[in-house]
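Chemist: Can you look at this prediction? I've put the sequence above it.
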Amino acid sequence: MAPLDDATSAEQKHLDKVKRWTQTEGAYALIQSTKPQSLAYGLNDSPAGHACWIVEKFKSWSDNDGDIEEAFSKDELLTNPKGIFETLTTQKQIFQVFAFFVCNCLSLIAGISTFEQS
């Protein structure tokens, strides 16, 4: 991100922080937006790789002081990738990122379930 000529020091500090985050944490979005099918097949074929992909994001994006179990229990960390892997929705999730970044064609994806009360 280029410095803005009229940015305040606080604004420039924020822009610099965004740039650092993009360089260190934004690669996941880049690969999902450029090679979504390759990534989806690889993650869908490997439960361990899929779990690592997701748990690493939990660790990087949470306030955990370097200890992920300060923010999440092991059950929470395993439930998310297990649910995605078992329902075979890896490709759908990766293509949602692709749709958002590349073709700007993602407006809203929602699912609704209704259950009759007995």
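Modeler: That came through, no problem. Numbers count the residues shown, from 1 in each chain.

Chemist: and residue 58, what does it touch?
Modeler: Each residue near residue 58 by Cβ atoms under 8 Å, 6 or more residues apart in numbering is listed here: 68, 71, 72, 77, 80. Where you see a C-beta, it was placed from the backbone N, CA and C, and this is true even at glycine.

Chemist: Secondary structure element for the third one, which one?
Modeler: This means residue 72. Assigned by DSSP states H and E, residue 72 falls within no helix or strand.

Chemist: tell me, how many neighbours does it end up with?
Modeler: Residue 72 has 17 neighbours, counted by other Cβ atoms under 10 Å.

Chemist: So how do I select the buried members of the contacts of residue 58 in ChimeraX?
Modeler: Here is the ChimeraX command that selects the buried residues among these (16 or more other Cβ atoms under 10 Å):
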select :68,72,77
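
Chemist: of the contacts of residue 58, closest to residue 40?
Modeler: residue 80 (16.7 Å; Cβ to Cβ).

Chemist: mind listing the helices for the chain?
Modeler: 9-25, 27-34, 36-45, 47-61, 74-86, 90-98 (DSSP state H).

Chemist: Lowest mean pLDDT among the helices and strands, pick that one out for the protein.
Modeler: helix 90-98 (a mean of 74; mean pLDDT, DSSP states H and E).

Chemist: which strands and helices sit next to that one?
Modeler: helix 27-34, helix 36-45 (3 or more Cβ pairs under 8 Å, 6 or more residues apart in numbering; DSSP states H and E).

Chemist: would you turn those into CSV with mean neighbour count, distance to residue 21 and mean pLDDT?
Modeler: Output for the helices and strands packed on helix 90-98, formatted as CSV (neighbours: other Cβ atoms under 10 Å; distance: least, Cβ to Cβ, whole Å; pLDDT from 0 to 100):
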stretch, mean neighbour count, distance to residue 21, mean pLDDT
helix 27-34, 14, 11, 79
helix 36-45, 16, 21, 82
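
Chemist: any chance of those in a markdown table, with distance to residue 53 too?
Modeler: As requested, these are exported to a markdown table (distance: least, Cβ to Cβ, whole Å):
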| stretch | distance to residue 53 |
| --- | --- |
| helix 27-34 | 8 |
| helix 36-45 | 6 |
